[in-house]
Structure formats: C-alpha cells, structure tokens
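1. Test case, fold it:
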Amino acid sequence: MSGRPSPRLIGALGLAALLSACSTSPMGRNQLAFYSDDELAQMGQQSFAQYQQELPTVSGAQANYVQCVAKAITAEVPASAGISEWEVKLFKDDTANAFALPGGYIGVNTGLLDVATNQDQLAAVIGHEVGHVLAHHANERVSTQAATQSGLSVLQTVAGLQGAGGEQVMGLLGAGAQYGVILPFSRQQESEADLVGLDLMADAGFDPSASIQLWQNMSANSQGEPPAWMSTHPSNSQRMEGLHNRLSEAQSRYERAKANGKRPNCKA
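-> Just a heads-up that it's a prediction; the model follows:
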C-alpha cells in the first residue's frame, strides 16, 4: 500500500506517542514528559548561562543570605532528583522574581528581597521554584507545547483545512489551545509548585505560615492582575487559599523539622 498515511492512522500514532510519554507529578497528576533528564539539564544550563549574560550578578551579604536560604531548601531535595549540587546566583534586577531550572540552577532578583522581607518568605519563593524542578514542570511545559502544535498539524491534515478559510480556522483553534490547554496546565503547575514548595520549606525548618504573608505582600505590590483564565498564574487570592488548605500539614512538618534541630538562621 502506498500514498499518505490515513488520517485515522495519523491520529492513532499520535495517541500512542502521547500515552507512552506520560508520567506522574508529586501530587499524583498525570503529565506529559517527552524529554530526558539530561536534555532538560542541558536546557537549564543554557538558560542559566544566558541569564548571566543579560544581568549582572551581585555578591556580598545579600548574595550570601540568598545562598543560605537556598542551601537549606535544597538540602531537602531527595537524592532521586539526581541533582547533587545547586548553583545559586543573585541578579541585579528590580523585578520581584526568582526561578529554578532543571540541572540545579537557582536565580533570585534583588527586587524580590523588597517583597520577601525575611528568611521564611524568601524560603517560600525558593521552595516554590525548586518545586517546579522536582515536579518536572519544565518537561511538561515544553512537552505540552510540542503536543499541542503536533495535534493542530494533525487536525489540519485530517480536516483538510487549506487556504485562507483554513488559516482562519486554525488561528481560532490555536487560540483555543492557548487558553484551553497551555495556560490551564501552567496554572496547575504553579499551584502544584506552591504545595511542593510549602513542604520543602517546612521540612527545612522555615515557618510555612510565612508563605501566606508573602502573597499578601505580593498582592500589595501588584499593579493589577489579568483575569485568572487568561493568566499563567493563579490569582494571589487563589494561591493563598491553596496554601491555607495545606497549612496544617505543613505546620506539622515544620514542628518535626525544628525538633530534629533544623533551625535556619540566614541574615541579609
């Protein structure tokens, strides 16, 4: 038999590829994972190198403070994550932002220190960012985007959407995929990282209740939020609600950590 594969065969092959690439997040949620840990670590290394080229790094007391908090958080990362060392940098940038990348890279902007006003609040942010790495969210994000693009291409082939009319329909489908697939996944990831990070900070001996105060600070410093359905992040109120719902369990972990002698004392 010759000629193009049938639309039904294309769909079956696509479905098989998706099923074979499924994994499970720390919260038990199914997720796509097309890429290996080594590939993601290489992406992380490249991204971190690029960030260092674009922004100056800061040394001294502030950098030592950030590294102290990050060291306490990353000490709780399980060996199964495959990251033995984390590189931590403080960047000169007024935006209240931080990130962690696959392969063991953490960046914090100086502007975050104006919002996260103590070690516990900073631990909430760093724990959240490390939570993204532990939950393989970078892999899921790029895999979801790849699957979405592949799915739209298959749909265009199956439906025979060609010409100007076809382009218009595909444009609408692309918008639907953006707001109906990619952004909701991202909101799920952010909420999940909040909870993973809450456990991490509590296990490290940081007060988990500070996570709620952090988002109160974030809310006070925000310039207005887009509607939740158009945002890659949950609203501040949604985040605080999710954290509050898990706070009792996190407080128990915090008390156990203190009883085991985990009492971080990081100073700016």
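2. rest of the way, CA atoms for contacts and neighbours
-> OK.
3. All the strands of the stretch 1-150 of the chain, residue numbers only.
-> 22-24, 30-32, 57-58, 87-91, 98-101, 105-109 (DSSP state E, counting those that start in this stretch).
4. low pLDDT regions in this protein?
-> 1-32, 34, 146-185, 222-234, 236 (pLDDT under 70).
5. For it, which segments are assigned as helices?
-> Secondary structure of the chain, counting by DSSP state H: helices at 7-20, 37-54, 61-74, 119-134, 137-159, 163-177, 183-203, 210-221, 236-259.
6. Can you say which of those helices is packed in most?
-> Of all these, helix 119-134 has the most neighbours on average by mean count of other Cα atoms under 10 Å, namely a mean of 26.
7. Can I get that one as PDB, trimmed to CA atoms?
-> C-alpha atoms of helix 119-134 as PDB (Å, rounded to 0.1, in the frame of the first residue of the first chain):
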ATOM      1  CA  GLN A 119      14.200  34.300  55.500                       C
ATOM      2  CA  ASP A 120      10.900  32.400  55.800                       C
ATOM      3  CA  GLN A 121       9.200  34.400  53.000                       C
ATOM      4  CA  LEU A 122      12.300  34.000  50.800                       C
ATOM      5  CA  ALA A 123      12.200  30.300  51.500                       C
ATOM      6  CA  ALA A 124       8.600  30.200  50.300                       C
ATOM      7  CA  VAL A 125       9.700  31.600  46.900                       C
ATOM      8  CA  ILE A 126      12.800  29.400  46.600                       C
ATOM      9  CA  GLY A 127      10.900  26.400  47.700                       C
ATOM     10  CA  HIS A 128       8.200  27.100  45.100                       C
ATOM     11  CA  GLU A 129      10.800  27.400  42.300                       C
ATOM     12  CA  VAL A 130      12.600  24.300  43.300                       C
ATOM     13  CA  GLY A 131       9.200  22.600  43.500                       C
ATOM     14  CA  HIS A 132       8.800  23.300  39.700                       C
ATOM     15  CA  VAL A 133      12.000  21.300  39.100                       C
ATOM     16  CA  LEU A 134      11.000  18.400  41.400                       C
END
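8. Which strands and helices lie in contact with it?
-> Other helices and strands packing on helix 119-134, by 3 or more Cα pairs under 8 Å, 6 or more residues apart in numbering; DSSP states H and E, are helix 61-74, strand 98-101, helix 183-203, helix 210-221.
9. mind running it again at 10 Å?
-> helix 61-74, strand 98-101, strand 105-109, helix 137-159, helix 183-203, helix 210-221 (3 or more Cα pairs under 10 Å, 6 or more residues apart in numbering; DSSP states H and E).
10. Please identify which of the ones you listed is closest to Lys258.
-> helix 183-203 (8.7 Å; Cα to Cα).
11. Just want the angle from the closest one to helix 210-221.
-> 130 degrees (axes from the mean of the first three to the mean of the last three Cα atoms, to 10 degrees).
12. What is helix 183-203 packed up against?
-> By 3+ Cα pairs under 10 Å, 6+ apart, helix 183-203 packs against helix 61-74, helix 119-134, helix 137-159, helix 210-221, helix 236-259.
13. can you state the direction angle for it and helix 119-134?
-> 130 degrees.
14. For helix 183-203, list the C-alpha coordinates in CSV.
-> Output of helix 183-203 as CSV, limited to C-alpha atoms (Å, rounded to 0.1, in the frame of the first residue of the first chain):
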residue,chain,number,x,y,z
LEU,A,183,-2.4,28.2,30.2
PRO,A,184,-4.5,25.9,32.5
PHE,A,185,-1.7,23.5,32.6
SER,A,186,0.6,26.3,33.7
ARG,A,187,-1.8,27.4,36.4
GLN,A,188,-1.9,23.8,37.6
GLN,A,189,1.9,23.8,37.7
GLU,A,190,2.0,27.0,39.7
SER,A,191,-0.5,25.7,42.3
GLU,A,192,1.4,22.4,42.5
ALA,A,193,4.7,24.1,42.9
ASP,A,194,3.2,26.2,45.8
LEU,A,195,2.4,23.0,47.7
VAL,A,196,5.6,21.2,46.9
GLY,A,197,7.5,24.3,48.0
LEU,A,198,5.4,24.6,51.2
ASP,A,199,6.5,21.1,52.2
LEU,A,200,10.1,21.8,51.3
MET,A,201,10.3,25.0,53.4
ALA,A,202,8.6,23.3,56.3
ASP,A,203,11.0,20.3,56.1
